[in-house]
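K.L.:
got a predicted model here, sequence first, then my questions.
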Amino acid sequence: MEFPGNLRFTINEKLYLKDPESSELGRKILKYSIILIDQIGFESFTFKRLGQCIGSNESSVYRYFENKHKLLLYLSSWYWSWIEYRMLFSIQNIADPLQKLHRVIEVVAAEVKDDETTAYIDEAILNRIIISEYSKTFLTKEVDKENKDGFFLVYKRINLLLADIISEVKPDYPYSKTLASSIVVGTINQHFFKQHFKAITDFSGHDGEVASFYIKTLDKILL
C-alpha cells in the first residue's frame, strides 16, 4: 500500500522541543535514530552516538528532543499513527463488520515493509523497534503522568477502534476492550517470540501467519 509522499501525522507537541519534521536536520535525526536504535538497542543508544552518526553535535539533537525517552515516545507515536492510518484506509467503504475486523487485524499483525514514499522513516525498521523496545515507553515510573499528558493517545485509539469493530460484530460481547488490547499486545509479542523465543510459539516466520491465527481465533469467539 502506498501513501502520499507528504504524509504527515500530528504528534503530541510535548514530546519534542522543535518539530523534527520541520527541518532537514530534524528529519535526519528521525531517520538515523531509527537505524541506530535497531542496530545497537535502546539501552546503548545515546544522543552523542546519534550525533556522530549524522555528523552533527550532540547539542543539536537536544534542540529537538529533551532526552532519548521522549524520542522513543515520538517514534512510537509516529508508528501507531501510521498503523491507525492504514487501519482506517483498509476499511473504507466496507459495511460488513466481520470483514472490517479481518482487515484491521491484517494491518495490526502484518509483516511490515518499508513505504518508500515516506523517505526519512523506514517503517520496516521502525516495526522491529516497536517489537523489541515499545514496552520501554510505558514501563516507567512516569507512565501515569505521561498518560495524562496524552503520550499514548494514538496507541489507545487503535485499541478502541478495534474494540468498536468487535462490538459491531457481536454487540453483546462484554469484553471488547480487553480482547482488542490483548490482540494488539499479542501480535507484538508473537513477532518477538518467533524471532527470539521460538520454543514458546507455533509461528515459524511465514508472512501472514500471526494475522491468520488471530482472525481464526476471533471468529471462534465472536461467531
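P.N.:
Perfect, I can see it now.

K.L.:
and the longest helix for this structure?
P.N.:
Counting residues, the longest helix in the chain under DSSP state H turns out to be helix 68-90.

K.L.:
buried sites along the next helix or strand after it?
P.N.:
Note on helix 68-90: by DSSP states H and E, the next helix or strand toward the C-terminus is helix 97-109. With burial defined by 16 or more other Cβ atoms under 10 Å, the residues of helix 97-109 counted as buried are Pro97, Leu98, Lys100, Leu101, His102, Arg103, Val104, Ile105, Glu106, Val107, Val108, Ala109. C-beta here means a position set from N, CA and C on the backbone, and glycine is covered the same way.

K.L.:
what about stretch 31-45, average pLDDT?
P.N.:
Average pLDDT, stretch 31-45: 97.

K.L.:
ok, the residue lying farthest from the centre of the chain - contacts?
P.N.:
Of all residues in the chain, Asp172 has its C-alpha farthest from the mean position, at 29.6 Å, by Cα atoms, centre = their mean. With contact set as Cβ atoms under 8 Å, 6 or more residues apart in numbering, Asp172 has no partners.

K.L.:
pick the one among the buried residues of helix 97-109 closest to Asn159.
P.N.:
Of all those, Val108 has the smallest distance to Asn159: 9.8 Å, by Cβ to Cβ.

K.L.:
just the element for the nearest residue to that closest one once chain neighbours are set aside, please.
P.N.:
Nearest residue to Val108, sequence neighbours excluded (Cβ to Cβ, 6 or more residues apart in numbering): Thr187, at 5.5 Å. Using DSSP H and E, Thr187 maps to helix 176-196.

K.L.:
rounded mean pLDDT for that helix, please.
P.N.:
Throughout helix 176-196, pLDDT has a mean value of 96.

K.L.:
can you give me the buried ones in that helix?
P.N.:
176-177, 179-181, 183-184, 186-194.

K.L.:
how about stretch 161-169?
P.N.:
Residues of stretch 161-169 classed as buried by neighbour count (16+ other Cβ under 10 Å): Leu161, Leu162, Ala163, Ile165, Ile166, Ser167, Val169.
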